[in-house]
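> Turn this into a structure:
(chains A and B)
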Amino acid sequence: QKEVEQNSGPLSVPEGAIASLNCTYSDRGSQSFFWYRQYSGKSPELIMFIYSNGDKEDGRFTAQLNKASQYVSLLIRDSQPSDSATYLCAVDETADSWGKLQFGSGTQVVVTP
Amino acid sequence: GAGVSQSPSNKVTEKGKDVELRCDPISGHTALYWYRQRLGQGLEFLIYFQGNSAPDKSGLPSDRFSAERTGESVSTLTIQRTQQEDSAVYLCASSQGLAGDEQYFGPGTRLTVT
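Residues are numbered from 1 along each chain as shown, chains lettered A, B, ... in the order given. Take a look at the predicted model:
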């Protein structure tokens, strides 16, 4: 059973601090990794994707990928109350060649003013 | 352009009734996914359509659940003889159907079985 694991949280972060979210995956052949943000009562929205080892920065968000250790992380710099949401990690399934993703259960982030 | 749309946005039904949920994917997206999300839980994969290939039904929880898709357009998810445990938000997503491609989600249908 391929798995994507995340700490459920809640992760409490003071406003202005860095939020660090981690995700581990079991499918060693996975090549594509995504972070989605889901506000309460809303559907998930894509915020980052990463395919190569290393860091990828987009505004206040940085995704980090380490395929050897099978983990992907998301850093949120200068956290704002509007960043309070559940963050879902998603990983492609290598047995499927058409883009099927497996989602973690999400980490709840609470940014406190 | 238009995103993924779903209807109805909310559905309340009595236990034992059948319901149909609809999803309109982004135009040109060949892949379409259905997920279920119970309150406070993660996404539960239900079924996946890719072009003219046989759908991946591995996530359907019972034979009361079925889904159809017409070509590369609209999909309907049908739940027969609904049970209270079917209460959840049903999310549809679509993608271009390429390896490594991101999925875009619709707003969901909130189903409540009384």
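> From now on I want contacts and neighbour counts done on CA atoms only, so please keep to that.
OK.
> neighbours of residue A:47, just the number please.
For residue A:47, the count of nearby residues is 13 (other C-alpha atoms under 10 Å in any protein chain shown).
> residue contacts, it?
A:34-37 (C-alpha atoms under 8 Å, 6 or more residues apart in numbering or on different chains).
> Can you say which of those are buried?
A:34-37 (16 or more other C-alpha atoms under 10 Å in any protein chain shown).
> Which residue ranges of chain A form helices?
Assigned by DSSP state H, chain A shows no helices.
> near chain B, which residues of it?
A:31-34, A:42-46, A:49, A:92, A:97-100, A:103-106 (C-alpha under 8 Å from any C-alpha of the partner chain).
> ok, the nearest residue to residue A:112 once chain neighbours are set aside - contacts?
In this structure, residue A:112 finds its nearest non-sequential neighbour in residue A:14, 4.9 Å apart by C-alpha to C-alpha, 6 or more residues apart in numbering or on different chains. Residue A:14 makes contacts with A:79, A:111-113, as judged by C-alpha under 8 Å, 6+ apart.
> what about residue A:14, distance to residue A:25?
Per C-alpha to C-alpha, to the nearest Å, residue A:14 is found 28 Å from residue A:25.
> next one: residue B:3
29 Å.
> Could you double-check that residue A:92 sits in contact with residue A:30?
Yes: between residue A:92 and residue A:30 there is a contact under C-alpha atoms under 8 Å: 5.7 Å.
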